[in-house]
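> Next input, structure requested:
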Amino acid sequence: MVEKKMVDKLTAVIYSNGSQECERMSMLLKSLGGEFHEYLLDVDFSERQFKMEFGDEATYPQVSLGSEHIGNIKETLQYMNEQGMFT
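Predicted structure coming up:
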């Protein structure tokens, strides 16, 4: 369970290619409350723009919480766990 009081003021942003992992991360981020923005490949950005922003080795999804870029799904879950966002 996510402890909402810790993240209510954050804006969650996900860069998604529509994969199942991206959908799961989107659902988790939406459950946190606060603002949520999802940017979709080939709708809001191109693969080239994605690689320029996050690097050639970056994987989907890429997540930012507040003004901090967290990283891919594994890095985001680790960050959230370390911040005590799961109870």
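
> Who does the residue positioned nearest the centre of the chain form a beta bridge with?
Nearest to the geometric centre of the chain sits residue 63, at 2.6 Å (CA atoms, centre = their mean). Residue 63 has these beta-bridge partners by DSSP bridges: residue 14, residue 71.

> That one reaches residue 70, doesn't it?
Yes. Residue 63 is within contact range of residue 70, at 4.8 Å (criterion: CB atoms under 8 Å). In this view, the C-beta of every residue, glycine as well, is placed from N, C-alpha and C.

> what residues do these two have in common as contacts?
Here residue 63 and residue 70 have residue 76 as joint contacts, going by CB atoms under 8 Å, 6 or more residues apart in numbering.

> Show me what secondary structure element comes after the lengthiest helix in the chain.
As assigned by DSSP state H, the longest helix anywhere in the chain is helix 20-31. Towards the C-terminus, the helix or strand next in line after helix 20-31, according to DSSP states H and E, is strand 35-40.

> what about residue 66, distance to residue 83?
Going from residue 66 to residue 83 by CB to CB, to the nearest Å gives 11 Å.

> next one: residue 31
From residue 31 to residue 83 the distance is 15 Å (CB to CB).

> wait, what's in contact with the residue nearest to the centre of the chain?
Contacts for residue 63 were tallied using CB under 8 Å, 6+ apart; they are 12-15, 25, 29, 69-73, 75-76.

> can you do 7 Å?
13, 14, 25, 70, 71, 76 (CB atoms under 7 Å, 6 or more residues apart in numbering).

> likewise residue 58?
Each residue near residue 58 by CB under 7 Å, 6+ apart is listed here: 50, 51.

> let's see 6 Å
Taking CB atoms under 6 Å, 6 or more residues apart in numbering as the definition of contact, residue 58 has no neighbours.

> mind checking which helix or strand it is in?
Short version, using DSSP H and E: residue 58 is in no helix or strand.
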